[in-house]
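1. Just need the structure, nothing else, for what follows:
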Amino acid sequence: MTKRIVHALLTSRGAKPAHMKLSIPFLAIAALGSLATTAHAQGCAGRPGGGAVQLVVIATEMRSKDGEVAFTIYPDDKSRFLAKGGKLLRVRTPAARPETRACFWLPPGHYALAQYHDENGDHNFNRTLFAPKEGFGFSNDAPTSIGLPSFASARFALPASGGTIRARMRYRR
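-> Purely as a prediction, here's the structure:
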């Protein structure tokens with residue numbers, strides 16, 4: 001059956017093999033390539049090397065495992081914090097309870113994190129006129145009693161050894 005699938009893939013792309021003798025090693029290599037692609041897709045955002053260190057971010061107090069969590073990293077520039085087009089990197093990962101994790105490769109420095117629990121998976125931060133409908137949070141658990149937090153309250157340092165930050169997911173309803 002696997003030979004038929006590979007043949008169908010080859011011929012659907014316009015390839016017309018004269019004869020098809022697929023060996024077990026060929027199929028094993030193809031399967032490993034598929035696994036490597038999956039593993040890479042689940043890796044950290046950004047590029048390792050060049051002085052980049054790993055930042056692990058953890059959303060805590062998740063109320064459900066529905067949807068996904070969007071983690072957004074902002075550079076050390078208050079004019080870009082929460083601004084359209086201002087992000088440095090974003091990762092969307094399936095939600096898990098009680099915590100959801102993601103990671104980034106970044107140069108040591110200062111950043112800010114914003115996160116939200118996209119429970120319905122529509123890639124929008126849903127809200128009513130006055131309050132968010134979905135969970136949200138910021139690095140340093142920056143306060144949001146009235147309006148959005150300041151960049152200074154969400155700013156954190158990423159040391160040369162890398163690091164882990166935890167941010168509580170807040171729900172208004």
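2. Residue nearest the middle of the protein, spatially speaking?
-> Nearest residue to the geometric centre of the chain (C-alpha atoms, centre = their mean): V91, 1.8 Å.
3. Nearest residue to that one in space, ignoring adjacent ones along the chain?
-> A102 (4.2 Å; C-beta to C-beta, 6 or more residues apart in numbering). To be clear about C-beta, it is placed using only N, CA and C from the backbone, and glycine gets the same treatment.
4. what does the model give that neighbour for pLDDT?
-> pLDDT recorded at A102 is 97.
5. ditto for G121
-> For G121, the model assigns a pLDDT of 81.
6. Quick one: classify it as helix, strand or coil.
-> Look at G121: counting by DSSP: H, G, I helix; E, B strand; the rest coil, its state is coil.
7. if I look at the residue nearest to the centre of the chain, how far off is A45?
-> 5 Å (C-beta to C-beta, to the nearest Å).
8. Spit out the residues that contact the two alike.
-> A102, C103, F104 (C-beta atoms under 8 Å, 6 or more residues apart in numbering).
9. So which of the residues you listed is the closest to M169?
-> Comparing those against M169 with C-beta to C-beta picks out A102 as the nearest, at 13.0 Å.
10. re the thing from before, got the shared contacts of V91 and A45 as TSV, with distance to P143, secondary structure and neighbour count columns?
-> Output for these, formatted as TSV (distance: C-beta to C-beta, whole Å; DSSP: H, G, I helix; E, B strand; the rest coil; neighbours: other C-beta atoms under 10 Å):
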residue	distance to P143	secondary structure	neighbour count
A102	23	strand	22
C103	26	strand	20
F104	24	strand	23
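11. Columns distance to V53 on top of those, output as TSV?
-> Converted to TSV, these look like this (distance: C-beta to C-beta, whole Å):
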residue	distance to V53
A102	15
C103	11
F104	9
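12. out of these, who's nearest S79?
-> Nearest member of the shared contacts of V91 and A45 to S79, counting by C-beta to C-beta, is F104, at 21.1 Å.
13. list the contacts for the closest one?
-> F104 touches C44, A45, G46, Q54, L55, V57, F71, I73, L89, V91, counting by C-beta under 8 Å, 6+ apart.
14. Between which two of those residues is the distance greatest?
-> Q54 and F71 (13.7 Å).
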